[in-house]
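Peer 1: Here's my sequence, what's the structure:
(chains A and B)
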Amino acid sequence: MTAPQKPGSVVQGTLDMLILKTLALQPMHGYGVGLRIEQISKGVFQVNAGSLFPALRRLERQGWIHGEWRATQNNRRAKYYMLTDTGRKQLKSEAREWQAQSAAIARILEATSGEV
Amino acid sequence: MRIFKIIGGGLRALFGKQRVEQELDEELRCYMETAVEQKVRDGAAREEAARETRIEMGSMETLKEQVRDVGWETHIESFLQDLRYGLRMLRKNPSFTIVAVLALALGIGANTAMFSVIEAVLLRPLPYRHAGEIVRVSSTWDRNGTLTSYTSSPPDFFDWRDQSRSFSSMFAYRMGEFTLTLLGEARRVNAVMATSGMFSTLQAEPMLGREFAAEENRKGANHVVILSHRLWQSAFAGAPDAIGKTIQLESEPYAIIGVMPADFRFPLSASDAYVPIGFDDKVMTQRGAHYLAVLGRLKSGVTPAQANDDLSAIMAQLRKLYPDKDSKWGVRAQLWSAALVRDIRPALLMLLGAVGLVALIACANISNLLLARATVRHRELAMRRALGAGRSRLVRQMLTEGLLLALLAGAASLLLAYWALVAIVRFGPADIPRLASVGLNGPVLAFAMSVSIACALLFALIPALRSSARDVSGLLRTSVSPSREAGRLRGALLIGEVALSMMLLAGAGLLVRSFVGLSSLSPGFDPKDVLTMSVAVPDAHYKNSAALQSYWEQALTQLRALPGVASVAAVTPLPLSGDDFSSSFRVEGRSVPEKDEPSAELRFATPDYFQTLAIPLRQGRTFTEADRLGAARVLLISETAAHMFFPQGDAIGQKIKFGARGGYEQNEGEIVGIVADVRHFGVDAPIPPMFYVPLAQSGMDGATVVIRTRGVPAALTQPARKIVQALDRDALVSEPVPMETLVSASLGQRRFYMMLLGGFATLALVLAAVGLYGVISYSVAQRTQEVGIRVALGASRSEVVAMVMRQGLRLAAAGLAIGLVLALLLKSVLKGLLVGVSATDPATLALTALVLFLIAVLASYVPARRAARVDPMVALRFD
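Peer 2: Here you go, the predicted structure:
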């Protein structure tokens, strides 16, 4: 019997990449980023404000994203974040890295005793 | 260019702080509102949605703090904030600040002073290029398995130099004193007499002129001299044309061939002149004549151990080749820097360890003070946490406060260290090399800084972690109540303090006992009211021994006539002067192979010597005026020599012949008396067997005049000097020194170590006493209410006093017990420093424990009395 899957926090170190990916689709404000990650991951990842905002600040400082105040659909002013060029490059390299790693991990987990 | 963005972002945040903060506020508000709306859209009631969102987001302040923490600028900002806050806290509690800074400054200052001694004596490289390649080579003599280092003989030196493959160069030298006559004025100069390899080994060159040539090593060709910069300045006013001029050394002409640079010092202290040593052919046969110090420079890549093996192999060959002269001699090569401090190093390291413990005690003290204060400050800390300060933020703030304290103390400690160094230079013993060059230089300042920071971490970390660890809501609710855990921690720190103090005090006590024991040992003569003054007359002035003898007779007679003089004599070498003279000898009628001849110390003395220094005669007679040149040659021997060489008690009447194996060659005499032993090498050194020869029968041109005065010896210094100099204008007369000064100087190192360890132990004692007082006072203040209730319920004053004191004394007793165990560990550390007292001497340990216990009684009695005076009404109203 397995316990029901609880919505977990993001794998250590991957939040930045997920945010970059989310923003690569379209500029978004903070709440939108969190919501979108939750939706796309089908509720597996929940991003709380305590991780989200420091991450946004960190990425902004690195120069990978850029914030701009705009009006929302509900006519509220919100800070929309968008990817910069360096951010796009960063996303690419992080994604590549991640794919290589996860493929490797998958191979290890699927190894049968004959291969080891 | 990311780095610029990061820096730029930080700078914007620092200077446009308000705007950045506003944006963050707005952004979070927007987030919250959007989240609430979303929940409402999903069907929640608006109030319920808002509550859920707030729970999800957690504390707004904490969240903002986390975002701010992303940038580097917040660290600087919070550091500055902490610094300002810390300064305010220190200013607000001046008594705490003063006590803490003072205690720490004492601890750090003692460490800084001790380290600067270590730096100057042990760590600072010797003042030569690649000094790590210079090796001291010494002959060793195996005495029942323990190797003693000695100087070496010329043939051994040449064999080592020519046969070894480990050295790029090697040279031998000895020190000499010369009379330099320039323009009719005589002065005494210290000269190094060296072989030609000196300059290549030390990698130093003359700044003017040239170095010695190899052929100038030979006697007759060696009348050239290289001047020190100082002598060149004082004798020739730094004129470059001094090169080629001639000066008179011992009335013989020497041509000046060079001048050394101003910063050249050899050996370690400055000498005035360097002359080639001048060997003749005969010297190669004197394999038993050990008088040369040897230094070599290792080839690159060769270790001292390899050089040692190399030389030992050569020495093994020499022992086979010359079984009669080299039979018992070995050789040892070790780094010069290490050889210089072989005996001093362990003692200095022991002292560094001791002073480190003092710093630990000081830290424990401050830690205790901070812990006590933290209990008072716990509400403030709880409030700050509730308002959003993270735990690490609070720890950082408390560490900053600690750092501030430590740096203040560090600055104050430099002043203390400076004073300590002035005292060390002034009163330190002369035989610790380079001790006089201690100073607060770069490495020492860096050390002081590191110790301060290390102390801050040590004493601030425990209170910081402790006071930030507690549950916030609990803290806010409770009133000021010391937790039991904090009390235990403070108790443990205090026990540690007492234990370390006990250990230090015991160590100091042992050194004091050993020293007192040594000081009360008689050197074998009575040094009180005796003045000594060494006199050397130039050989050339006296055609023969008779002329020389008449000089001495006149001088002694005139000195005897001075008012206030009780008796006058001359001797060489003087006890405790550091000089010695030994010779092998044979007893007539005993057939012993030459190589097995025993050797003994030789002293040359006038008849009144034994009376002047009050050395008792045990048997036979002492010298008389009749024992002069031409009369039968006579000898006296010391008791130890008599026991050693004539165990049957038949010493008197035996005939002795000296010097078959080098030493006092071709002299002889009949033993006419036995005198008491003299501890020539110091009261803490073994008593050597000794022979005395009448000065009049020796033909010695120099000796030390010893004058027993009736009153203050110092009053006679000038008149005595004048008499000796009036008889021979070129006589070299040293500054007269009271014999008692020599006696006390012979224990100089021991006194130095004892004073330092004693000083450190006293510091430890004071710190521990202050610590105990602080802890008990604090706990009394905490227990005011309890005491009030007890008094109200009928407890008597003495019961209250006893209750409080019990607490203090229980801690002290625990500390003493642990300290006693630690003190037993001193054994290995103090080995070699203790004479005549065991490292586990029960009397010393008991006395130390008693002293500490009495201090503890006093330190807890004062607060206990204060507790007993508590007015129950006031106490019950309290808080």
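Peer 1: Distance of the spatially most central residue of chain A relative to residue A:31?
Peer 2: Centroid-nearest residue in chain A: residue A:18, 1.4 Å away (criterion: Cα atoms, centre = their mean). Distance, residue A:18 to residue A:31, by Cβ to Cβ, to the nearest Å: 15 Å. C-betas here are computed from N, CA, C, even on glycine.
Peer 1: Residue B:52 now?
Peer 2: As for residue B:52, its distance to residue A:31 is 14 Å (criterion: Cβ to Cβ).
Peer 1: Which one's more surrounded, these two?
Peer 2: residue A:31 (21 against 14; other Cβ atoms under 10 Å in any protein chain shown).
Peer 1: What parts of chain A come near chain B?
Peer 2: Applying Cβ under 8 Å from any Cβ of the partner chain, one finds that chain A approaches chain B through A:29-32, A:35, A:48-50, A:53-54, A:57-58, A:60-63, A:72, A:74, A:76-79, A:86.
Peer 1: Looking at those residues, which are in strands?
Peer 2: Those of those mapping onto strands are A:29, A:77, A:78, A:79, per DSSP state E.
Peer 1: SS state for the closest residue to residue B:387 other than its chain neighbours?
Peer 2: Spatial nearest neighbour of residue B:387, excluding adjacent residues (Cβ to Cβ, 6 or more residues apart in numbering or on different chains): residue B:61 at 5.9 Å. Three-state call for residue B:61 (DSSP: H, G, I helix; E, B strand; the rest coil): helix.
Peer 1: where's residue B:61 relative to residue B:33, distance?
Peer 2: 19 Å.
Peer 1: what does residue B:17 give?
Peer 2: For residue B:17, the distance to residue B:33 - Cβ to Cβ - is 25 Å.
Peer 1: what about the two, which has more around it?
Peer 2: Comparing residue B:17 with residue B:33 by other Cβ under 10 Å, the one with more neighbours is residue B:33, at 17 against 13.
Peer 1: I'd guess residue B:601 is in a strand, am I close?
Peer 2: Yes - read with three-state DSSP, residue B:601 is one of the residues of a strand.
Peer 1: For the stretch 1-150 of chain B, list the residues in contact with chain A, please.
Peer 2: B:2, B:5-6, B:9-10, B:23-24, B:26-28, B:30-31, B:33-35, B:37-38, B:56-58, B:62-63, B:66-67, B:69-71.
Peer 1: Start from the N-terminal end of chain A and give the helices.
Peer 2: A:15-25, A:30-40, A:49-62, A:85-110 (DSSP state H).
Peer 1: any chance of those in JSON lines, plus distance to residue B:273?
Peer 2: Listed next are those as JSON lines, based on distance: least, Cβ to Cβ, whole Å:
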{"stretch": "helix A:15-25", "distance to residue B:273": "76"}
{"stretch": "helix A:30-40", "distance to residue B:273": "85"}
{"stretch": "helix A:49-62", "distance to residue B:273": "70"}
{"stretch": "helix A:85-110", "distance to residue B:273": "73"}
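Peer 1: Switch those over to a markdown table; also include distance to residue B:845 and mean pLDDT.
Peer 2: As requested, the helices of chain A are exported to a markdown table (distance: least, Cβ to Cβ, whole Å; pLDDT from 0 to 100):
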| stretch | distance to residue B:845 | mean pLDDT |
| --- | --- | --- |
| helix A:15-25 | 64 | 89 |
| helix A:30-40 | 70 | 88 |
| helix A:49-62 | 60 | 87 |
| helix A:85-110 | 64 | 89 |
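Peer 1: list the buried ones in stretch B:603-616?
Peer 2: B:603, B:604, B:605, B:606, B:607, B:608, B:609, B:610, B:612, B:613, B:614, B:615 (16 or more other Cβ atoms under 10 Å in any protein chain shown).
Peer 1: now stretch B:154-167
Peer 2: Going by neighbour count (16+ other Cβ under 10 Å), the buried part of stretch B:154-167 is B:154, B:155, B:156, B:157, B:158, B:159, B:160, B:161, B:164, B:166, B:167.
Peer 1: what do you get for stretch B:112-129?
Peer 2: B:112-122, B:124, B:126, B:128.
Peer 1: Past the least confident helix or strand in chain B by mean pLDDT, which element shows up next along the chain?
Peer 2: In chain B, the helix or strand scored least confidently by mean pLDDT, DSSP states H and E is helix B:472-477, which has a mean of 56. Once the chain leaves helix B:472-477, the next helix or strand it forms, by DSSP states H and E, is helix B:484-520.
Peer 1: which neighbours does whatever helix or strand comes next after that next one have in its sheet, and in what orientation?
Peer 2: Going down the chain from helix B:484-520, the next helix or strand is strand B:530-536, by DSSP H and E. Each strand paired with strand B:530-536, and its direction, by DSSP bridges: strand B:702-709 (antiparallel), strand B:732-733 (antiparallel), strand B:737-738 (antiparallel).
Peer 1: Mind listing what's buried along strand B:530-536?
Peer 2: Across strand B:530-536, burial judged by 16+ other Cβ under 10 Å covers B:530, B:531, B:532, B:533, B:534, B:535, B:536.
Peer 1: Specify the beta-bridge partners of the fourth one.
Peer 2: The bridge-partner assignment for residue B:533, based on DSSP bridges, gives residue B:705.
Peer 1: mind checking how far it is from residue B:723?
Peer 2: Look at residue B:533 and residue B:723: by Cβ to Cβ, they are 10 Å apart.
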